[in-house]
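J.: return a 3D structure for these sequence lines:
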Amino acid sequence: MAIKIIVSGLLVFMVYNLCRAMMIMLKNDPNVPMSKFIGRRVLVSVIIVALLLLALATGVITPNPRPY
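T.: The predicted structure follows:
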């Protein structure tokens, strides 16, 4: 259950950074780099994938069974 909460929190943080980057892009403000928020979003997605792979490897979460 804790893995689901952590992953959903990270997903919300990723969407937040995406929205912040969009607002900077729409304002066209040269003082604040948009790449900072895009980079955070990429870092969070890497953390999510690594966390899911680690949870699968340790058996904390189990994948769905095959349909056949």
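J.: what's next to whichever strand or helix holds Ala57, contact-wise?
T.: Using DSSP states H and E, the element containing Ala57 is helix 34-58. If you take Cβ atoms under 8 Å, 6 or more residues apart in numbering as the criterion, helix 34-58 is touched by 3, 6-7, 10-11, 13-14, 17-18, 20-21, 24-25, 61-63. For the C-beta atoms, the positions are set from N, CA and C on the backbone; glycine is no exception.
J.: buried ones in it?
T.: 34, 37-38, 40-41, 44, 48, 51, 55 (16 or more other Cβ atoms under 10 Å).
J.: dump those into JSON lines; add distance to Pro67 and pLDDT as well.
T.: Output for the buried residues of helix 34-58, formatted as JSON lines (distance: Cβ to Cβ, whole Å; pLDDT from 0 to 100):
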{"residue": "Met34", "distance to Pro67": "42", "pLDDT": "83"}
{"residue": "Phe37", "distance to Pro67": "39", "pLDDT": "85"}
{"residue": "Ile38", "distance to Pro67": "37", "pLDDT": "87"}
{"residue": "Arg40", "distance to Pro67": "37", "pLDDT": "88"}
{"residue": "Arg41", "distance to Pro67": "33", "pLDDT": "89"}
{"residue": "Val44", "distance to Pro67": "31", "pLDDT": "92"}
{"residue": "Ile48", "distance to Pro67": "25", "pLDDT": "94"}
{"residue": "Leu51", "distance to Pro67": "26", "pLDDT": "94"}
{"residue": "Ala55", "distance to Pro67": "22", "pLDDT": "93"}
